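> After the sequence you'll find the predicted model.
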Amino acid sequence: MNREKDPKVLFGIEIRKKLLELGMSQKELANQIGASENYIWHITHGRRKGTKYISQITEILKLDDF
């Protein structure tokens, strides 16, 4: 699959955009959802799906499309 169209990559990009918009760090997001900052990094860079945390991330960041 083309990396630019990979859903994991697209989700990660949206998370990074929203974190910047909100002025929130990956560490703050990690603390709110109970994950490690390293794991959030992997999600935001399309290396992990983050399935366990998708609903929490979308709720906290108010991401409607995921």
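Sure, I can see it.
> Longest helix in the chain, by number of residues?
Determined from DSSP state H, the single longest helix within the chain is helix 7-22.
> Show me which residues of stretch 8-24 are buried.
The neighbour-count criterion (16 or more other Cβ atoms under 10 Å) identifies 8, 9, 11, 12, 14, 15, 18, 19 as the buried residues of stretch 8-24. From N, CA and C alone the C-beta is placed, and that goes for glycine too.
> before we move on, back to that, by contact count, what packs against the longest helix of the chain?
With contacts taken as 3 or more Cβ pairs under 8 Å, 6 or more residues apart in numbering; DSSP states H and E, helix 7-22 sits against helix 26-33, helix 37-44, helix 54-61.
> And the last one, what's buried?
If you call a residue buried by 16+ other Cβ under 10 Å, then helix 54-61 has these buried ones: 57, 58, 60, 61.
> Out of the residues you listed, which comes closest to residue 39?
Nearest to residue 39 among these is residue 57, at 11.2 Å by Cβ to Cβ.
> Where does pLDDT dip in the protein?
1-4, 65-66 (pLDDT under 70).
> and the spatially most central residue of it, what is it in contact with?
Compute the mean C-alpha point of the chain, and by Cα atoms, centre = their mean the closest residue is residue 15, 4.1 Å away. Contacts for residue 15 (Cβ atoms under 8 Å, 6 or more residues apart in numbering) come out as 29, 40, 43, 44, 57, 61, 63.
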